[in-house]
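*Asks:* from the sequence below, what's the structure:
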Amino acid sequence: MKVVILCGGKGTRLKEETVYRPKPLVSIGDKPILWHIMKHYSSYGFNNFVLCLGYLGDMIKQYFVNYELMNSDLTVDFSNGGSSIKIHKRQELDWQITLADTGIESMTGCDLNEYRDMLKVI
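*Replies:* Next comes the predicted model:
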């Protein structure tokens, strides 16, 4: 079963934070709100996520694309005329995440309708 999380709002009630980052990436402790929500679903066996992105959605994409690098120990080797990265001590997550650009001004119904086939909604 897929878990759809709407991540497109501008977060105006958290304006001090959301000027610089989307509301789902506002930190609680050392992790973003979105990570905590997904971790909670994951604890019940729901590991397939569709994130409908809008306002500053590119930052959410960057967070997950760089997740492993930012949450692991690394060795970066620039010797021998090239560069390589060796990842040590990974933080294992059993998540599949679809990052769907639904647009900055789209409303909730549009978000879900646009991705109806992907979600297999009747």
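*Asks:* mean confidence for stretch 74-93?
*Replies:* Regarding stretch 74-93, the rounded mean pLDDT is 84.
*Asks:* can you give me the end-to-end distance of it?
*Replies:* 18 Å (C-alpha to C-alpha, to the nearest Å).
*Asks:* in that stretch, what's buried?
*Replies:* Under the neighbour-count criterion of 16 or more other C-beta atoms under 10 Å, stretch 74-93 has Leu93 buried. All C-beta spots, glycine's among them, are computed from the backbone N, C-alpha and C.
*Asks:* hmm, who's touching it?
*Replies:* Stretch 74-93 is contacted from outside by Ser42, Tyr67, Glu68, Leu69, Asn71, Ser72, Asp73, using C-beta atoms under 8 Å, 6 or more residues apart in numbering.
*Asks:* against Leu93, how distant is the second one?
*Replies:* Per C-beta to C-beta, to the nearest Å, Tyr67 is found 8 Å from Leu93.
*Asks:* do you have the helices of this protein handy? List them.
*Replies:* Taking DSSP state H, the helices of the chain run over residues 15-18, 33-43, 57-65, 67-70, 108-114, 116-119.
*Asks:* tabulate these in JSON lines, adding columns for distance to Gly9, mean neighbour count and mean pLDDT.
*Replies:* Shown next, in JSON lines, are the helices of the chain (distance: least, C-beta to C-beta, whole Å; neighbours: other C-beta atoms under 10 Å; pLDDT from 0 to 100):
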{"stretch": "helix 15-18", "distance to Gly9": "9", "mean neighbour count": "12", "mean pLDDT": "74"}
{"stretch": "helix 33-43", "distance to Gly9": "12", "mean neighbour count": "16", "mean pLDDT": "96"}
{"stretch": "helix 57-65", "distance to Gly9": "11", "mean neighbour count": "16", "mean pLDDT": "95"}
{"stretch": "helix 67-70", "distance to Gly9": "22", "mean neighbour count": "13", "mean pLDDT": "90"}
{"stretch": "helix 108-114", "distance to Gly9": "9", "mean neighbour count": "14", "mean pLDDT": "60"}
{"stretch": "helix 116-119", "distance to Gly9": "20", "mean neighbour count": "11", "mean pLDDT": "63"}
